[in-house]
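Visitor: Sequence and predicted model, in that order:
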There are 2 protein chains.
Amino acid sequence: MYDRIKGFHDFYPGEMAAHREMIDAVESVARRYGFREIATPALEPTEMYVDKSGEEIVEELYSFTDQGERDVALTPELTPTVARMVVVKQQELSKPIKWFSTRPFWRYEEPQQGRYREFYQTNVDIFGSEAPEADAEVLAFAADALTDLGLTAEDFDFRVSHRDILGGLLASFGRDVDTEAAIRAVDKSAKVEDAEYYGLLEDAGLTYDEARQFDDLLSANDLEELVEFAGTNRVEAAVSNLRAVLAAAEDFGVREYCTVSLRTARGLDYYTGVVFECFDAEGEIGRSIFGGGRYDDLIESFGGQPTPAVGVAPGVMNSTLPLLLQRAGVWPEEAVSTDYYVLSVGDTRPVAAGVARELRDLGHVVEADVADRSFSAQMSYADSINAETVVIVGERDLENDEVTIKDMETGEQTTAPVEEFPPEVGRPTHEDYE
Amino acid sequence: MYDRIKGFHDFYPGEMAAHREMIDAVESVARRYGFREIATPALEPTEMYVDKSGEEIVEELYSFTDQGERDVALTPELTPTVARMVVVKQQELSKPIKWFSTRPFWRYEEPQQGRYREFYQTNVDIFGSEAPEADAEVLAFAADALTDLGLTAEDFDFRVSHRDILGGLLASFGRDVDTEAAIRAVDKSAKVEDAEYYGLLEDAGLTYDEARQFDDLLSANDLEELVEFAGTNRVEAAVSNLRAVLAAAEDFGVREYCTVSLRTARGLDYYTGVVFECFDAEGEIGRSIFGGGRYDDLIESFGGQPTPAVGVAPGVMNSTLPLLLQRAGVWPEEAVSTDYYVLSVGDTRPVAAGVARELRDLGHVVEADVADRSFSAQMSYADSINAETVVIVGERDLENDEVTIKDMETGEQTTAPVEEFPPEVGRPTHEDYE
């Protein structure tokens, strides 16, 4: 009768269980690195994105006017929100500020495999450090999250670049180049034909020959050559910063996942330093899996004190990361699991309820009859929820002060004294009472 | 520079840590009862709420037209969405279907203490059982969640009513009464003056005398008297169903939290059977903490097969439940916690990074320097994040192949051989090396 809206997705329990396992793994790594959870509004002032995020985001905004005549937008990304939050409490927050959160975002894009209009990211950010260790820690978090999910260096590749190498190089052509437009062109270079790419660079202010030369320099990934070509302190400093980040990444155990790739640019305007994107090392998933980078000027542009920042945001639901895990064969099983089903037959509800209650108090996942159904209907339901053990509380068993314990895998069953089941600790199974 | 939108809230790490502890407790109880996590869209077709939720919700909808000319609304509640999802997969889902999820919802209401325009609920629902055990299990989940949070029977009260007792009683007046309007009047009875309440009942079709009589019957909470007054099978069946739910609640260990309270009605139109609201037993928080009930007709009205349903939705963030926990003195501490800070001084980054890495692999929350700061700046930062232990990796210590372990509470410190720190398991503290 009602249809789900295009580009949105319903997660039923089996599919959700796999995603939950993935999100728990990613968040667990974030917590171990000392990132602290925050929670943030789904609506923000539209102008925040118009001013800060660049045209790529603004075209895709879900925005509207609310009942109080406010121009609001469904948040298409987290970065402007956390920048706003840092500004509000910049005096009282001790630095570096390390935050994470997992939540949905919304962009009106054309849906395709691994791309929805509603998608979930785990955003991880460090504010207040310009040191290369901060960039490297963000890379280390991302790599640890992926390896904890079962991926290896054979599966993924961080393509690392530097916005100020790109910007410095563009400046060295000595023209009035629209740097943001040129960098957006680089960001699109892998997705469009060369002619279109060069055209975009020309639109940004380079001549065709300069565009070719610029792209040749990027494609070569030769940092020495770049420094020499540009001959400016700016490019030299940017290259030196990129090298320092890679050296810290070496100490942090994540250098092996990183490749210098200057044609990686990221689409958003606010990046300033090191940027990176994660790709499928086997190339089966053609698009970027996720990305991140440094945005040192954003907080100040929000009216805050100058505060360097760097972050990354793996997409954890309705995104390409699940596709990568599936491609690599490490996607968790899409199924629910159940420790016990307490099957009640006849007038045994008080005892069955007590058994279920005690098993739950031990921390187990326990279902019991809530539909007043027959033995066989309950047994087939227990099977459908993958119950490991069924505890049968029947009238005849209870006459002997016993319950029946059935192992659902082998089908074997035995009895246990109701006084002793469950014991005070542990996860009793059929074997314990054989 | 940019302001947060009115009625929305930013959760910084300390406040979030307390909310996370609460949400984890509520979700843990839901999982132990065998409720399965789902995830659902933030946008749904506006007409779904216009048709199903009743005017209370529709007036408060954040709705707009998207770029594809769809009339969409930010979800103000979960129930219509899960009804839609049940209809889509009604053939393949084994019943009873037991789902839960925690997520934000949005309603354009006037903000007040414990009420925001964005609020988070943990929704818990059972579909496919009309048995009183299903109602009782929902009550049991809710009570267990509250007691696991540290509340006792002295702190909260479930006021239990039955929609069909109200509806049957209204029908027994023999007039053409607008049942939905009359029930909404009952729902408002505690919030408005008696005159307004009776006026609303008159608007719904009762005479003033009937309105008084109706309210007297509700206020008395005397089920026998009600059955006698109405003299219909409908009211008799409804009373019998309410009693069966309370009997199951007794077996499930939650009867003690329940009071029959027929003036409790719930504001939404789709409820059909038992409904209940949780209140502060001390009355300090005047408004309902959360509520739930049975909605047996909703799935069919969505075009599905007749599927009875019952659910509850504790508000877990931006809601009154945190206020109740605070009032009862069981609100978790609003602070972050840190197991280790690895302090690096001099040229020791590779060793410090290795120590941090090993501690994280043991599952601990570990921060290390990412801002290239002095000893004292790092120590004061470690203090600000409530680090329990600081591991100092200094150049001089390393000359002796040692690190220094400092207990941040006592200030005591000792050294440990770097080869032995950390050990392969456990959570080593200062005492282990004294």
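Guide: Yep, it's here.
Visitor: Which secondary structure element is home to the spatially closest residue to residue A:297 that is not a sequence neighbour?
Guide: Counting by Cβ to Cβ, 6 or more residues apart in numbering or on different chains, residue A:297 lies nearest to residue A:272, which is 5.6 Å off, once chain neighbours are set aside. In this view, the C-beta of every residue, glycine as well, is placed from N, C-alpha and C. Assigned by DSSP states H and E, residue A:272 belongs to no helix or strand.
Visitor: likewise the one 5 residues further on?
Guide: When secondary structure is defined using DSSP H and E, the element that contains residue A:277 is strand A:274-280.
Visitor: same check, this time on residue A:5
Guide: Judged by DSSP H and E, residue A:5 forms part of no helix or strand.
Visitor: Quick one: distance of stretch A:425-432 to the chain centre.
Guide: 37 Å (Cα atoms, centre = their mean, to the nearest Å).
Visitor: re earlier: count residues in the vicinity of the residue nearest to residue A:297, would you?
Guide: By the criterion of other Cβ atoms under 10 Å in any protein chain shown, residue A:272 has 19 neighbours.
Visitor: Roughly how far does it sit from chain B?
Guide: 17 Å (Cβ to the nearest Cβ, to the nearest Å).
Visitor: how about that residue, phi and psi?
Guide: phi -130, psi -30 (degrees, to the nearest 10).
Visitor: Would you mark the buried spots in stretch A:265-285?
Guide: A:265-281, A:285 (16 or more other Cβ atoms under 10 Å in any protein chain shown).
Visitor: same thing with stretch A:241-253?
Guide: By neighbour count on 16+ other Cβ under 10 Å, the buried set for stretch A:241-253 is A:241-242, A:244-246, A:248-253.
Visitor: Mind checking which of the residues you listed land in helices?
Guide: A:241-242, A:244-246, A:248-251 (DSSP state H).
Visitor: which one among the residues you listed gets closest to chain B?
Guide: Chain B has its nearest neighbour among these in residue A:251, at 4.5 Å by Cβ to the nearest Cβ.
Visitor: contacting residues for the closest one?
Guide: Counting by Cβ atoms under 8 Å, 6 or more residues apart in numbering or on different chains, residue A:251 touches A:136, B:349-350, B:353.
Visitor: Farthest-apart pair in those residues, please.
Guide: For the contacts of residue A:251, the farthest-apart pair by Cβ to Cβ is A:136 and B:350; their separation is 12.1 Å.
Visitor: neighbours around residue A:231, how many?
Guide: 9.
Visitor: Look up the closest residue to it, ignoring the ones flanking it.
Guide: Using Cβ to Cβ, 6+ apart, the closest residue to residue A:231 is residue A:172 (6.9 Å).
Visitor: quick one, phi psi at that neighbour?
Guide: According to degrees, to the nearest 10, residue A:172 has phi -70, psi -10.
Visitor: Report the contact partners of it.
Guide: A:229-232, A:235.
Visitor: Quick check: it vs residue A:164, distance?
Guide: Going from residue A:172 to residue A:164 by Cβ to Cβ, to the nearest Å gives 12 Å.
Visitor: shared neighbours, the two?
Guide: With Cβ under 8 Å, 6+ apart as the test, residue A:172 and residue A:164 both reach residue A:235.
Visitor: OK, contacts around residue A:177?
Guide: A:170-171, A:204-206.
Visitor: now swap in residue A:312 and tell me
Guide: Residue A:312 touches A:123-124, A:138-139, A:141-142, A:276, A:290-293, counting by Cβ under 8 Å, 6+ apart.
Visitor: For those residues, which single residue is the most surrounded?
Guide: residue A:276 (30 neighbours).
Visitor: so can I have JSON lines of the contacts of residue A:177 showing secondary structure?
Guide: What follows is the contacts of residue A:177, written out as JSON lines (DSSP: H, G, I helix; E, B strand; the rest coil):
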{"residue": "A:170", "secondary structure": "helix"}
{"residue": "A:171", "secondary structure": "helix"}
{"residue": "A:204", "secondary structure": "coil"}
{"residue": "A:205", "secondary structure": "coil"}
{"residue": "A:206", "secondary structure": "coil"}
